[in-house]
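> Quick one, fold the following:
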Amino acid sequence: MKTIRIEWRRLVRGGETCERCHATGETLSRLVTEMNRECEPKGCRFVLEETGLEADSLPESNSVLIDGIRLEQALPGARVASSDCESCCELIGERVECRTVELGGFSYEALPEQLMRDAICRVAGCC
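Model prediction:
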């Protein structure tokens, strides 16, 4: 069985994370469960690991790595950008911008299921 490691990195402050990261995390957790059900019969298993980050690593927050490959590297045309994040501002106590992913003319603050699924399938090669 081939095991694919999926790492989700997000800001954690006082046990809390921002709204964007929270939404990405919930979606990713559901997705990994679904993909394990779909792909285990094909010989592929996914393991989700969560990495909490400090404020000084904010540019890495809300990122997903699939076997060490960043989600945006796995998706042709995707790029990293940033935008204001009120939730992180509240957690950190100062004005900050947080990581977004842009693809196909859209900017994603919380990563949607289809974007993550596409990246995981490209890297895993089992879909």
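
> Check what pLDDT the nearest residue to residue 111 once chain neighbours are set aside gets.
If the residues on either side of it in the chain are set aside, residue 111 comes closest to residue 24, at 4.5 Å by C-beta to C-beta, 6 or more residues apart in numbering. For every residue, glycine as well, the C-beta is placed using N, CA and C. For residue 24, the model assigns a pLDDT of 97.

> could you say what helices and strands the helix or strand where residue 24 lies packs with?
Using DSSP states H and E, residue 24 sits within helix 19-39. Other elements packing on helix 19-39 under the criterion 3 or more C-beta pairs under 8 Å, 6 or more residues apart in numbering; DSSP states H and E are strand 2-11, strand 44-53, helix 86-92, helix 113-124.

> Just confirm the residue nearest to residue 111 contacts residue 110, I think it does.
Yes. The pair residue 24 / residue 110 is scored as a contact, 4.9 Å apart, by C-beta atoms under 8 Å.

> any residues in contact with both of the two?
With C-beta atoms under 8 Å, 6 or more residues apart in numbering applied, the overlap between the contact sets of residue 24 and residue 110 consists of residue 62.

> got a list of what the residue nearest the centre of the chain touches?
Against the mean C-alpha coordinate of the chain, by C-alpha atoms, centre = their mean, the closest residue is residue 64 at 3.3 Å. Going by C-beta under 8 Å, 6+ apart, residue 64 touches 6, 7, 8, 9, 24, 28, 70, 71, 111, 116, 119.

> Dump the C-alpha coordinates for the helix or strand hosting it into CSV.
Under the assignment given by DSSP H and E, the secondary-structure element containing residue 64 is strand 63-66. This file holds the C-alpha atoms of strand 63-66, laid out as CSV (Å, rounded to 0.1, in the frame of the first residue of the first chain):
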residue,chain,number,x,y,z
SER,A,63,-0.8,25.7,3.4
VAL,A,64,-1.1,22.1,2.4
LEU,A,65,1.8,19.9,1.4
ILE,A,66,1.3,16.5,-0.3
